[in-house]
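[1] take this sequence and fold it.
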Amino acid sequence: MKKVIAFINIFIAFLIVYFVQANFFSWFNIGGIMPNLFIILMVFIGAFMNKYYGFATGVVLGLLLDFFIGKVIGINSIILGIAGLLGGIFTKTFSKDNKMTMMVQVMVTTLVCEIISYGYQIILFGLKIEIVTFIKIIVIEALYNTILLIILYPFLHKIGDKLEQTFTKDKILTRYY
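    The predicted structure follows:
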């Protein structure tokens, strides 16, 4: 029952992130570049739940995002699934309790996801490759995501600890025979 409530809360957080990103950051952008709050959300879900839950949640929420705003079904699903997976993989090597390592995780995940998205758009839509513009966009977006993570980290860490308690079980035997 606790896991169902946790998934409902994740869905509510997804809706809040969607409305904040669509409404608030359309006004507060840097050179027309908005942060991708969904990547931050998925990195934290992957880090605090595990890589499998992070990937599955990213795919499902990405499909919902594709239905809401996507031109093509599947790209946000792939990107958010990878973000959740990377959040879980990085946690095996790095501590999720350290703000600096989470900043690096969000920055690297943003870079990877945007490179995949750009490559997908080049292949699907036949966009002209503009390296300088692309590098400018991913650097600004990665820095924007990292700055937002610094601001949101205490709040996200508290929620992440509660998620981790819900989705991890103690593997200690309570009785000895």
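
[2] check which residues of the biggest helix by length in the chain are buried.
    Scanning the chain for the longest helix, with DSSP state H as the assignment, gives helix 131-167. Residues 137-138, 140-142, 144-146, 148-149, 153, 156-157, 159-160, 163, 166 are the ones in helix 131-167 that count as buried (16 or more other C-beta atoms under 10 Å). C-beta here means a position set from N, CA and C on the backbone, and glycine is covered the same way.

[3] and what of stretch 17-28?
    Under the neighbour-count criterion of 16+ other C-beta under 10 Å, stretch 17-28 has Val17, Tyr18, Gln21, Phe25 buried.

[4] related to what we said a few turns ago, what is the longest helix of the chain packed up against?
    Helices and strands touching helix 131-167, by 3 or more C-beta pairs under 8 Å, 6 or more residues apart in numbering; DSSP states H and E, are helix 2-19, helix 37-48, helix 99-125.

[5] try 6 Å
    For helix 131-167, the elements it packs on are helix 37-48, helix 99-125, judged by 3 or more C-beta pairs under 6 Å, 6 or more residues apart in numbering; DSSP states H and E.

[6] which outside residues touch the shortest one?
    Pointing back at helix 37-48 there. 17, 21, 54, 57-58, 80, 83-84, 87-88, 91, 96, 105-106, 109-110, 113, 145, 149, 156, 160, 163-164 (C-beta atoms under 6 Å, 6 or more residues apart in numbering).

[7] picking up where we left off before, mind putting the helices and strands packed on helix 131-167 in JSON lines, mean neighbour count and mean pLDDT included?
    Formatted as JSON lines, the helices and strands packed on helix 131-167 follow (neighbours: other C-beta atoms under 10 Å; pLDDT from 0 to 100):
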{"stretch": "helix 37-48", "mean neighbour count": "27", "mean pLDDT": "92"}
{"stretch": "helix 99-125", "mean neighbour count": "17", "mean pLDDT": "90"}
